[in-house]
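# 3D model of this:
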Amino acid sequence: MKINELGLGGGCHWCTEAVFQSLRGVSDVRQGFLWSDPPDDAPSEGVLLQVDREIIPLAALLEIHLRTHASGSDHSMREKYRSAVYVTNEEMAGEVTAVLGGVASSLGFEPVTKVLPLRGFQLNEKRFLNYRRSRPDAPFCRTYIDPKLALLRREYTEYIES
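Numbers count the residues shown, from 1 in each chain. The predicted structure is shown next:
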């Protein structure tokens, strides 16, 4: 078993949480705020998770991440919704950078996603955790989260949790 801890940020942490909670090989999905070194030291929405890379390869995980948020857009909300992969060591940073390059070439656009050292994480308030699981019929879930989960069911069936 090859377990890695990494953080993912890009869009709303409720969306990111729901996407990665639905994948096999991803465990301990913690939703909250991540930050790195300046100039990326402001807390940004995301998730911190444990990944068993024998079940879900890093390339598949990162492709899913890039496809389930606006990773090709450098929009004005990037501080709050930083498109990033937060890593815990230099070896992982090199691997993630290489994999992102390969994945990006197959997407047809250049992601703005950064590879950053994880310097901190703060869990969100308890009332917001497991957002979709606790309120699947909420308008936000139906509008923003459900289409991302539909993409997973259509294109990544081998990684969906049963």
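# okay, CA-based contacts and neighbour counts for the rest of this
Will do.
# quick one: residue 133 from residue 67, how far?
Noted for residue 133: a distance of 21 Å to residue 67, by Cα to Cα, to the nearest Å.
# and for residue 58?
With Cα to Cα as the criterion, residue 58 and residue 67 are 14 Å apart.
# neighbour count: the two, which is higher?
Legend: neighbour count by other Cα atoms under 10 Å for residue 58 and residue 67, higher for residue 58 (18 against 15).
# do you know the pLDDT at the more buried one?
pLDDT for residue 58: 94.
# repeat for the one 3 residues further on
Reported pLDDT at residue 61 in the predicted model: 96.
# how many neighbours does it have?
Neighbour number of residue 61 under other Cα under 10 Å is 17.
# show me what contacts it?
If a contact means Cα atoms under 8 Å, 6 or more residues apart in numbering, then residue 61 has no contacts.
# my read is it is in a helix, agree?
Yes - according to DSSP: H, G, I helix; E, B strand; the rest coil, residue 61 belongs to a helix.
# nearest spatial neighbour of residue 18, skipping sequence neighbours?
residue 132 (6.2 Å; Cα to Cα, 6 or more residues apart in numbering).
# please disregard the earlier target; I meant residue 44.
Using Cα to Cα, 6+ apart, the closest residue to residue 44 is residue 80 (4.7 Å).
# what of residue 4?
Nearest residue to residue 4, sequence neighbours excluded (Cα to Cα, 6+ apart): residue 51, at 5.2 Å.
# residue 44 is in contact with residue 79, correct?
Yes - Residue 79 is within contact range of residue 44, at 6.3 Å (criterion: Cα atoms under 8 Å).
# more neighbours: which of the two?
residue 44 (28 against 16).
# so what's that one up against?
9, 33-35, 79-82.
# how near is it to residue 11?
9 Å.
# need the residues touching each of those two.
With Cα under 8 Å, 6+ apart as the test, residue 44 and residue 11 both reach 81-82.
# point out where the protein drops to low pLDDT.
1, 162 (pLDDT under 70).
# so which residue of it lies furthest out from the middle?
Most distant from the centre of the chain: residue 137, at 22.5 Å, with distances by Cα atoms, centre = their mean.
# where's that one relative to residue 20, distance?
Look at residue 137 and residue 20: by Cα to Cα, they are 19 Å apart.
# kindly report the same for residue 117.
Distance from residue 117 to residue 20, by Cα to Cα: 20 Å.
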